[in-house]
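Turn this into a structure:
(chains A and B)
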Amino acid sequence: MRREVSLQELGERVRPTALADQRALPVHDALLPLLPGGLQRGCSVQIAAGVPAATSLALALLVAPSVADSWVAVIGLPSLGLAAADGLGVDLRRLVLVVPPPPGEWATVLATMLTAFEVVAVRPPAPVAPADARRLAARARERGSVLVRLGPARWWPEAADVSLAVTAATWTWAGDRRRDDGAARGHLQARRVTVEATGRRAASQPRSVDLWLPGPDGALAAADPLAEVRRLVPAGRSGGDGVHGGRRAADRRRRAIRAAARRAERARAARFRAGR
Amino acid sequence: MDATPRMLVLWVADWPVVAAGVRLDRPAVVVRANRVVAATPAARDEGITPGLRRREAQLRCPTVEVLGHDDARDARAFEPVVAAVAERITPRVEVVAPGQLAFPTRGPARYHGGEAALADLVVATATGVLGVGPGPAVGVADGRFTALTAAMAARAAATRVAGDGVVPDAPLAPVLVAPGAGAAYLAPHPVEALARGGIDEGTIEVLRRLGLRTLGAVAALSVHDLADRFGRTGVAVHRLARGLDGQPPLPGVPAPDHTVRVGLDPPAEQVATVAFAGRALADELTGRLEAGGLTCTALLIVAETDHGERHERRWRGDGFGGAGTLTAGAMVDRVRWQLEGWLRTDGPTAGITLLELVAEEVVATRGRQLGFWGRSPEADDGVVRAVTRVAGLLGLDAVQVPVWRGGRDPAEQYELVSAAAVDLTADRPVTPRRAGAAGRAGPLDRAPPWPGALPRPAPATVVAAPVAAELVDVAGRPVQVGAAGLLSAPPARYRLGARGRGWVDVEAWAGPWTVEERWWALRRRRRANLQVLGADGTAVLLAVEGGRWSLVAAYE
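Presented below is the predicted three-dimensional model:
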């Protein structure tokens, strides 16, 4: 028995289905709660400016596409820290940087880069003209490129498909944080941030996630939201690992050693004076 | 048996050191990407061979003079030789690379009374331009590969007679291989000689491991066996071992669409401008050839000036024997070399108005293996085109790619190189680590630390020009770093001068990491880096040098 099938149905059946992962670029696992379907091709992402960790967040978006062999570009950020990008996991072999273009050429340069690069992060030098913004959005959608927008959100006439904002940022310290000495005590270790994502259409439900941006070794990692912010290194880094009593015990030990050294030094000096 | 034309090859050993103008009885090397590419006879005497790292060379001979490579200098220096040969002997001379040239001998041999006389004349011409020292060697045989091998043997013979590492004091006698005796001549040569024919190292290694140590052994095999094992490379290997050229060119005159030309208006006065125009031409030409399944092995570059002067030169791809092909990047290099060479001899008297590239010899291309996971080379081509277009709009240095350099300060660790000047698809050193899975390396893969370097994580914003800052203690006095590397007082607040922001309280600070560079030289630098965590949650990196603080980086 033959069933009559319309030509359109037949066309639907034989068209190769676009795999879901081809419609979206990959994102780092830690960012998946913010962008559940990955970076949808043709979308725009706005990173809120004026908050700490904005640049790092933009770099975090570039990690997974560059590792997956997509070409990524950054336009208009002459002070990008490449060691930080490498630490977060961006594959620098797939990264191309463009100096800030003069305002007249800015839109042309961005359009050219959107044609060939799959993710382009840009910081405009001035508010973007609506005609330019429309043309660029159309070009991004047509080529399937993702536009990551830095700089003030009000400089863009239309809201982006997804907006990412850092709402909290706390640095943790490696080692001791005492400030009353002339010598080094530990160093910056990791920054725990809370990133909130809001968006249009399918992404309109706000989502937030806690991240280590960057983590202790420079890499991006998810942070457990339920755990309190604990020191990442067990207390007493310079004197024990908690088995012997933790930080206070280590401090006490150090003070005791220093006191003993001072006593020995005084005794030596007294003997020397006495012996003269 | 396809006819392989009799070719004469003139070869100068270690051309880069000769071009650099160093004395050949002193040890000197030319280094490219930290590896030795050429060494003087005196340096070879000390045990330095091409391929060593620079440090190893300096270990073997501490007094060796190390020179950087310069393609343009090599081409400029070789141009007088080429011009002399082209003028006195034949205009059909082709250059493979600075230091090697070749031409077919049939016509000139008849004119000058035999190949021996022709070879002597070529030696005399080259010696007249270069002097006896570099020892231009000449070989004549069927096919370029055999002739090059013969030329190298001519020089080796002279070195053996005179003793190792001695600069020859008489012109080298040319080696002539009788017609048809190419296979017999090549038989005792080691299989590593195939590297000159454009065969890659991997194949040569496999041949060696299979027990084929000489070209005679390879030629004794059946071509079908080699083709089974190695594919088209195997066929090329077999042809080279038998004394023929690697791949016979497709016959016929160059088709009209194998010529591309561009007029430059206004006339280009600088080599870089012409090279940039040449880039577009080369892309177009390779695109057309690839559309027809071809690739170029011999390229004729013609440049004309406003005053009507015309300079043309035939260039052959790397690797004699036709196994070498010219990519677009290689074509642009040769445009540059040719113009540099022309400037060196009589030189154009006006700007260049016309640049023409003609693909004179083409061979069927082998095709390209697409990436298995679907990343297509078209993506790379699109990227290169976009980069070239943006570089055309904004300037060659506007588009940059990072290259790992290594250093203590965040600003020094990476160097930005113009993207239009590098091969984007080639591997670049971008990280000090060896890449593990997904680019993350384990603890054993870390490069050795730089003393004085900052601990990870690295700052995400590294200011290009340091911004002046002030760092004061509770009493308002500027904080100093003493000789022992200790701060004079704990810092209490800081301010960034150029931004005009107010004082930021210091919540925590770390350091100072003192760096004293080149204490023995006039260019010594003493500075200290300090990590400062402000009360507003921002973390910055301040540096002090000469008592003045500045902002170096921010942990954005």
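
now the helices: where do they sit in the stretch 1-150 of chain B?
For the stretch 1-150 of chain B, applying DSSP state H, counting those that start in this stretch gives helices covering B:15-20, B:41-45, B:54-60, B:71-88, B:106-112, B:115-130, B:144-162.

Would you mind saying which of those helices lies nearest B:Thr461?
Closest of the helices of the stretch 1-150 of chain B to B:Thr461 is helix B:54-60, at 34.2 Å (criterion: Cβ to Cβ). C-beta: built from backbone N, CA, C; applies to glycine.

Which residues outside the closest one are in contact with it?
B:29, B:31, B:34-36, B:39, B:43, B:46-48, B:52, B:64, B:66 (Cβ atoms under 8 Å, 6 or more residues apart in numbering or on different chains).

Unless I'm misreading it, A:Gly175 sits right up against A:His187, doesn't it?
Yes: using Cβ atoms under 8 Å, A:Gly175 is in contact with A:His187, at 6.9 Å.

ok, the two, which is more surrounded?
More neighbours surround A:His187 than the other of A:Gly175 and A:His187, with 19 against 16 (other Cβ atoms under 10 Å in any protein chain shown).

The closest residue to that one other than its chain neighbours: helix or strand, and which one exactly?
Leaving aside its chain neighbours, A:His187 sits nearest to B:Ala510 (4.1 Å; criterion: Cβ to Cβ, 6 or more residues apart in numbering or on different chains). Assigned by DSSP states H and E, B:Ala510 belongs to strand B:504-517.

Please determine whether the next helix or strand after that strand lies in contact with chain A.
Using DSSP H and E, the next helix or strand after strand B:504-517 towards the C-terminus is strand B:525-534. Yes: counting by Cβ under 8 Å from any Cβ of the partner chain, chain A has neighbours in strand B:525-534: B:531, B:533.

residue ranges with poor pLDDT in the stretch 101-250 of chain A?
Low-confidence segments of the stretch 101-250 of chain A (pLDDT under 70): A:176-185, A:201-204, A:225-250.

how about the strands of it, start to end?
Taking DSSP state E, counting those that start in this stretch to define them, one finds strands in the stretch 101-250 of chain A at A:119-122, A:146-149, A:162-174, A:187-199, A:207-212, A:221-222.

Mind exporting the C-alpha coordinates of the fifth one to PDB?
Listed in PDB are the C-alpha atoms of strand A:207-212, where the atom choice follows Å, rounded to 0.1, in the frame of the first residue of the first chain:
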ATOM      1  CA  ARG A 207      20.700  31.600  35.600                       C
ATOM      2  CA  SER A 208      23.700  31.900  37.700                       C
ATOM      3  CA  VAL A 209      26.700  29.800  38.400                       C
ATOM      4  CA  ASP A 210      29.700  30.000  40.700                       C
ATOM      5  CA  LEU A 211      33.100  29.700  39.000                       C
ATOM      6  CA  TRP A 212      36.800  29.800  39.800                       C
END
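
who does that strand pair up with?
If you go by DSSP bridges, strand A:207-212 pairs up with strand A:187-199 (antiparallel), strand A:221-222 (antiparallel).

again, but for the first one
Strand A:119-122 has the following sheet partners, assigned by DSSP bridges: strand A:72-75 (parallel), strand A:146-149 (parallel).

Looking at those, which is nearest to B:Pro16?
strand A:72-75 (35.7 Å).

Toward the C-terminus, what is the element adjacent to the closest one?
Immediately after strand A:72-75, counting by DSSP H and E, sits helix A:82-88.

That next one near chain B at all?
Yes: between helix A:82-88 and chain B, judged by Cβ under 8 Å from any Cβ, the touching residues are A:82-87.

Closest one of the residues you listed to A:Leu59?
Among the residues of helix A:82-88 next to chain B, and counting by Cβ to Cβ, the member closest to A:Leu59 is A:Ala85, at 5.0 Å.

does the closest one really touch A:Ala58, like I thought?
No: with contacts counted by Cβ under 8 Å, A:Ala85 stays clear of A:Ala58, the gap being 9.7 Å.

For the residue of the stretch 1-150 of chain B found nearest chain A, give me its contacts.
Closest approach between the stretch 1-150 of chain B and chain A, counting by Cβ to the nearest Cβ: B:Ala33, at 16.3 Å. By Cβ under 8 Å, 6+ apart, the contact set of B:Ala33 is empty.

change it to 10 Å
The contact partners of B:Ala33, taken as Cβ atoms under 10 Å, 6 or more residues apart in numbering or on different chains, are B:53-54, B:69, B:429.

Residue 264: how many residues sit nearby?
Picked chain A for this. Neighbours around A:Ala264, by other Cβ under 10 Å: 10.

let's do chain B instead
With other Cβ under 10 Å as criterion, B:Leu264 counts 18.

Spit out the contact partners of the residue lying closest to B:Arg526 once chain neighbours are set aside.
Leaving aside its sequence neighbours, B:Arg526 sits nearest to B:Glu516 (Cβ to Cβ, 6+ apart; 4.9 Å). If a contact means Cβ under 10 Å, 6+ apart, then B:Glu516 has B:452, B:485, B:524-528 as its contacts.

As CSV, these with pLDDT would be great.
Below are the contacts of B:Glu516 laid out as CSV (pLDDT from 0 to 100):
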residue, pLDDT
B:Gly452, 72
B:Gly485, 76
B:Arg524, 77
B:Arg525, 79
B:Arg526, 82
B:Arg527, 84
B:Ala528, 87
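
got these as JSON lines, with neighbour count columns?
Listed next are the contacts of B:Glu516 as JSON lines, based on neighbours: other Cβ atoms under 10 Å in any protein chain shown:
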{"residue": "B:Gly452", "neighbour count": "16"}
{"residue": "B:Gly485", "neighbour count": "15"}
{"residue": "B:Arg524", "neighbour count": "10"}
{"residue": "B:Arg525", "neighbour count": "12"}
{"residue": "B:Arg526", "neighbour count": "15"}
{"residue": "B:Arg527", "neighbour count": "20"}
{"residue": "B:Ala528", "neighbour count": "22"}
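
ok, these vs chain A, which is closest?
For the contacts of B:Glu516, the nearest to chain A is B:Gly485 (7.8 Å; Cβ to the nearest Cβ).
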